[in-house]
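>>> Below is the structure, and that's it, no one-letter string:
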């Protein structure tokens with residue numbers, strides 16, 4: 001009887017592996033059946049530093065989660081409902097960090113799958129390079145204010161220490177003051 005149970009186990013393990021592998025292949029084939037999205041840039045050319053630019057990912061599916069990938073950079077995502085045929089990703093006040101190649105991709109739950117990425121679209125910015133590479137001027141103002149506050153606190157602390165020291169000296173020199181003897 002023990003030999004019969006062992007042979008059943010030897011048959012069940014390969015069947016489980018085959019079942020899992022088959023499920024994975026079906027899921028992978030469904031993902032490949034989703035049409036590729038297309039990505040467009042608006043305005044398509046002549047984008048200057050500080051302008052607003054919009055990337056539109058056009059989808060053939062009704063409702064989907066959409067991802068926008070910047071090559072070597074950030075990833076953004078949005079949900080597209082049934083009424084829209086495209087999802088817009090807008091960047092206001094563009095800076096050098098926004099320049100580069102972008103692709104979009106979508107994911108649907110019915111049937112479960114993820115599309116291939118769209119063909120790349122390149123965002124080329126024009127304008128004078130000021131060297132700040134998109135750092136907001138607000139950070140400089142905050143740094144200067146913090147530096148001034150630190151200097152003010154330092155000098156106030158120094159003033160109070162020196163003022164307290166002069167009061168201690170005056171107290172020690174005044175007539176009738178208790179004389180403290182140090183050991």
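Nice, I can see it. Keep in mind that what you see is a predicted model, and the values were worked out from it rather than measured. Numbering: from 1, shown residues only.

>>> contacts, neighbours, all on C-alpha from now
Noted.

>>> for the chain, longest helix please?
helix 137-173 (DSSP state H).

>>> So which bits of that helix are buried?
Residues of helix 137-173 include none that count as buried (16 or more other Cα atoms under 10 Å).

>>> That one - contacts with which helices or strands?
The contact analysis (3 or more Cα pairs under 8 Å, 6 or more residues apart in numbering; DSSP states H and E) places helix 137-173 against no helix or strand.

>>> So what touches stretch 68-86?
By Cα atoms under 8 Å, 6 or more residues apart in numbering, the surrounding residues in contact with stretch 68-86 are 56-67, 87, 89, 100-105.

>>> Do a quick rundown of the helices in this protein.
Going by DSSP H, the chain shows helices at 2-33, 137-173.

>>> Neighbours of residue 86, how many?
20 (other Cα atoms under 10 Å).

>>> What score does it have for pLDDT?
You'll see residue 86 listed with a pLDDT of 88.

>>> Beta-bridge partners for the closest residue to it other than its chain neighbours, please?
Excluding the flanking residues, the one nearest residue 86 by Cα to Cα, 6 or more residues apart in numbering is residue 58, at 4.3 Å. Per DSSP bridges, residues listed as beta-bridge partners of residue 58: residue 38, residue 86.

>>> wait, isn't residue 58 in contact with residue 39?
Yes: the pair residue 58 / residue 39 is scored as a contact, 6.2 Å apart, by Cα atoms under 8 Å.

>>> So residue 56 is in contact with residue 44, correct?
No: counting by Cα under 8 Å, residue 56 sits too far from residue 44 to count as a contact (11.0 Å).

>>> Settle it for me: which of these two has more neighbours?
residue 56 (19 against 14).

>>> Distance check, that one against residue 79.
13 Å (Cα to Cα, to the nearest Å).

>>> Overlap of the contact sets of these two?
Joint contacts of residue 56 and residue 79 (Cα under 8 Å, 6+ apart) are residue 87.

>>> returning to that earlier point: worst average pLDDT in the helices of the chain?
helix 2-33 (a mean of 58).

>>> Roughly how far does residue 76 sit from residue 102?
Distance from residue 76 to residue 102, by Cα to Cα: 11 Å.

>>> Now tell me what touches the longest strand belonging to the chain from outside.
Ordering each strand of the chain by length in residues (DSSP state E) puts strand 100-109 first. Strand 100-109 has contacts (Cα under 8 Å, 6+ apart) with 36-39, 57, 59, 61, 63-71, 113-124.
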